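**Student:** Sequence first, predicted model second:
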Amino acid sequence: QVQLVESGGGLVQPGGSLRLSCAASESSLDYYAIGWFRQAPGKEREGVSCISKSDRTTYYTDSMKGRFTISRDKTKNTVYLQMDSLKPEDTAVYYCAISAYGCLGGMDYWGQGTLVTVSS
């Protein structure tokens, strides 16, 4: 069992930035692809971004390209999602998840989520 903890959510004005973190307390994330997902009120969960196990490949949903950046710090066993130029429609609970198979496989473990609210 891998415990994932997201942090960094909060209230931000449109056009602002937030950086989300996903950390694992007792397991190394080195052997996993890490994905970020989000679920807005009344909507289905959607993929946001993913970073491969090797960190060589990153994926973004089209609406996030150019605004969001995923990265990994192996020394801190943490994956980040830098979110810039935030829009009200980015309001959602953001979840990180890990996959031993890779970004194109199913996710094995999920965090509890962190709420991002974009509002003036």
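**Tutor:** That came in fine, so what should we check first? Everything quoted here is computed from the prediction, not taken from an experiment.
**Student:** Which strand or helix spans residue 82?
**Tutor:** Following DSSP states H and E, one finds residue 82 within strand 78-83.
**Student:** Pull out the buried residues from that strand.
**Tutor:** Of the residues in strand 78-83, those buried by neighbour count under the rule 16 or more other Cβ atoms under 10 Å are 78-81, 83. All C-beta atoms are positioned from the backbone trio N, CA, C, and that covers glycine.
**Student:** what's the answer for stretch 26-35, then?
**Tutor:** The neighbour-count check on stretch 26-35 (16+ other Cβ under 10 Å) flags 29, 32-35 as buried.
**Student:** Test of understanding: give the bridge partners of the residue nearest the centre of the chain.
**Tutor:** Residue closest to the average C-alpha location in the chain (Cα atoms, centre = their mean): residue 36, at 2.9 Å. Counting by DSSP bridges, residue 36 forms beta bridges with residue 49, residue 96.
**Student:** Am I right that it is in contact with residue 94?
**Tutor:** Yes. Assessed by Cβ atoms under 8 Å, residue 36 is found in contact with residue 94 at 6.2 Å.
**Student:** which residues are common contacts for the two?
**Tutor:** Common neighbours of residue 36 and residue 94, using Cβ atoms under 8 Å, 6 or more residues apart in numbering, are 20, 48, 81.
**Student:** ok now stretch 87-95, how far from the chain's centre?
**Tutor:** Put simply, stretch 87-95 sits 11 Å off its chain's centre (Cα atoms, centre = their mean, to the nearest Å).
**Student:** what is the rounded mean pLDDT of that stretch?
**Tutor:** For stretch 87-95, the mean per-residue pLDDT is 97.
**Student:** Any buried residues in it, and which?
**Tutor:** Within stretch 87-95, the residues that count as buried by 16+ other Cβ under 10 Å are 90-95.
**Student:** which residues touch the closest residue in space to residue 80 that isn't next to it in sequence?
**Tutor:** Counting by Cβ to Cβ, 6 or more residues apart in numbering, the nearest residue to residue 80 once its immediate chain neighbours are dropped is residue 71, at 5.0 Å. By Cβ under 8 Å, 6+ apart, residue 71 lies in contact with 51, 79-80, 82.
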